[in-house]
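Chemist: Kindly return the folded structure for what I paste below:
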Amino acid sequence: MRLERVAVGADPAAAAAAVRALAPAPESVSAAVAEIVAAVRGGGDRALRELVARFDTGGAPSPESLALAPEQLDATLLDDDVRAGLDVAITNVALVADAGIGEDVEVTLPQGHRVVLREVPVRRAAIYVPGGRAPYPSTVVMGVVTARAAGVEEVVVLTPAPVDAVIRGACALCGVHEVYAMGGAHGIAALAYGTESIERVDVIAGPGSLIVQEAKRQVRDSVGIDGFYGPSDVLVLADESADPRLVALDLLAQGEHGPGSPVVAVSDAPVLLDALAMALEQLAPQRPGSDPAAFVLARANSLDDALAFAEAFAPEHLELAGAGAERLARRVRAAGCIFVGSAGGTAFGDYVAGSNHCLPTGGAARFASGLSPRHFRRRISEVHVGAAAPALAAAGAPIARAEGFTVHAESMEARVRENEPS
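Modeler: Numbers count the residues shown, from 1 in each chain. You can find the predicted model right below:
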């Protein structure tokens, strides 16, 4: 266990950057991903099957169809307790997602015309569900339920082969349209551009490896993406009344995501940080699956300084533990998701709280949001000029001519002449 102590000091941003620097820098996969994406875009099904055999099936020939047969998606594959848990997660994620859908808005302007802002869903979306160390049915719920709440007609899942039974059962529960047994950059490219047998999608969302995220970045000129998800992180901002064992368990829980990021606690109470260090030393040896880049204990001079440090770190998950810390909740601007109170462990958000676990990482919470229906919807302006044409033309034509677009001006003014009495 790597335990680091940090003093926030007078420059919270510098302290936050130093903590971020404890994580190893990822290797560049840009060139390798570009080669794979280009192969699928140019070679279609033939190239895709070669890449599936190379990356997904261990050299064995890929099946003729990469889509699972409908009968392979069956909720009875799930253990009863897992199904009950997924039912809770589906209900709560759907309720929160439904609340995030905007209504159409009509605005009447001073000149008398109307602009209607309409929200419409994309028709087809893909959710990437990681494979590898374990199946992640929770990611099926987070992505598919959110897309369906947004009104997407066809939601497909993309996940590495072989597809675990718990993933197939979760897909059945969530009403997935299709499941493709492939992963990696080649899977992302296939859904972004389409092949002879695979229809392209409008949006690709979901977490995954560095290769998967780089592939999403490279295809975003042709398909919508939700964001670039890196290694997971948590920051617990605690006052002296927080329970050090609960804080330690939350740090250890987040450490199960692997060594890509540090997990951090910041407090203005040295006695709490000392107790937390002791709790980590006691609990960590029995939990070898928790292996973050480092456990970081940051000492701040005040809760205000602790908040400034948290804002600069911009964590994926922010926990506020203890009465004094909880009162800071409304002041937080840079966090993917905020868990308020000692009962609010990040793990609840990963599964059943209703908030989405696809969240901005690496400090991107300064400007990015977690996965929501808005990633699967577009806003269209519907303009009704009508009788306002003369007033708008009088205002708009001089601007158009100043920009050198004389026909733009003529187009607006023509409406005025056409609407004048004979």
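Chemist: Geometrically speaking, which residue is the centre of the chain?
Modeler: Central residue of the chain (Cα atoms, centre = their mean): residue 358, 3.5 Å from the mean position.
Chemist: OK, contacts around that one?
Modeler: 139, 142, 143, 205, 206, 207, 226, 227, 229, 370, 371 (Cβ atoms under 8 Å, 6 or more residues apart in numbering). All C-beta atoms are positioned from the backbone trio N, CA, C, and that covers glycine.
Chemist: doesn't it fall inside a strand?
Modeler: No: secondary structure of residue 358 (DSSP: H, G, I helix; E, B strand; the rest coil): coil, not part of a strand.
Chemist: Could you find the closest non-adjacent residue to it?
Modeler: Counting by Cβ to Cβ, 6 or more residues apart in numbering, the nearest residue to residue 358 once its immediate chain neighbours are dropped is residue 371, at 3.7 Å.
Chemist: Please apply the same query to residue 132.
Modeler: Residue 132's closest residue in space is residue 160 (Cβ to Cβ, 6+ apart), at 7.0 Å.
Chemist: Please tell me I have it right and that neighbour contacts residue 185.
Modeler: No: assessed by Cβ atoms under 8 Å, residue 160 is found out of contact with residue 185, at 11.8 Å.
Chemist: Those two: who's more crowded?
Modeler: Using other Cβ atoms under 10 Å as the criterion, residue 160 and residue 185 rank with residue 185 on top: 28 against 25.
Chemist: if I look at the more buried one, how far off is residue 231?
Modeler: Distance, residue 185 to residue 231, by Cβ to Cβ, to the nearest Å: 18 Å.
Chemist: Also residue 124?
Modeler: Residue 124 is 30 Å from residue 231, by Cβ to Cβ.
Chemist: With residue 256 instead?
Modeler: Counting by Cβ to Cβ, the gap from residue 256 to residue 231 is 12 Å.
Chemist: more neighbours, these two?
Modeler: residue 231 (19 against 15).
Chemist: Now that one: which helix or strand?
Modeler: Using DSSP states H and E, residue 231 sits in no helix or strand.
Chemist: OK, contacts around residue 281?
Modeler: Shown in contact with residue 281 (Cβ under 8 Å, 6+ apart): 1, 3.
Chemist: Return the distance of it relative to residue 179.
Modeler: 44 Å.
Chemist: hmm, who's touching stretch 412-419?
Modeler: Contacts for stretch 412-419 (Cβ under 8 Å, 6+ apart): 385, 387, 389, 390, 392, 393, 396, 397, 400.
Chemist: So which residues of the stretch 101-250 of the chain form helices?
Modeler: Secondary structure of the stretch 101-250 of the chain (DSSP state H, counting those that start in this stretch): helices at 137-140, 146-149, 165-174, 184-193, 210-219, 244-255.
Chemist: Turn the ones you listed into TSV, columns for distance to residue 114 and mean pLDDT.
Modeler: Compiled in TSV, these are given as follows (distance: least, Cβ to Cβ, whole Å; pLDDT from 0 to 100):
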stretch	distance to residue 114	mean pLDDT
helix 137-140	41	98
helix 146-149	29	98
helix 165-174	39	97
helix 184-193	37	98
helix 210-219	37	97
helix 244-255	49	97
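Chemist: Make a markdown table from these and add distance to residue 272 to it.
Modeler: A markdown table is the format used below for these (distance: least, Cβ to Cβ, whole Å):
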| stretch | distance to residue 272 |
| --- | --- |
| helix 137-140 | 31 |
| helix 146-149 | 36 |
| helix 165-174 | 39 |
| helix 184-193 | 43 |
| helix 210-219 | 35 |
| helix 244-255 | 6 |
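Chemist: nearest to residue 111, of those helices?
Modeler: Nearest to residue 111, of all those, is helix 146-149, at 37.1 Å by Cβ to Cβ.
Chemist: CA atoms only for the closest one, dumped as CSV, please.
Modeler: Provided in CSV are the C-alpha atoms of helix 146-149 (Å, rounded to 0.1, in the frame of the first residue of the first chain):
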residue,chain,number,x,y,z
THR,A,146,-30.4,6.4,-19.9
ALA,A,147,-30.5,6.1,-23.7
ARG,A,148,-34.0,4.6,-23.6
ALA,A,149,-35.2,7.3,-21.3
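Chemist: ok, and what's touching that helix?
Modeler: 93-94, 97-98, 101, 125, 127, 155, 174-175, 203, 205, 356, 371-373, 375-376.
Chemist: Among these, which lie within strands?
Modeler: If you go by DSSP state E, the contacts of helix 146-149 have 125, 127, 155, 203, 205 in strands.
Chemist: show me where this structure has strands.
Modeler: So, for the chain - with DSSP E - the strands run 3-7, 105-108, 114-121, 124-128, 154-159, 178-181, 203-205, 224-225, 234-238, 263-267, 295-299, 317-321, 337-340, 377-384.
Chemist: No more questions from me, cheers.
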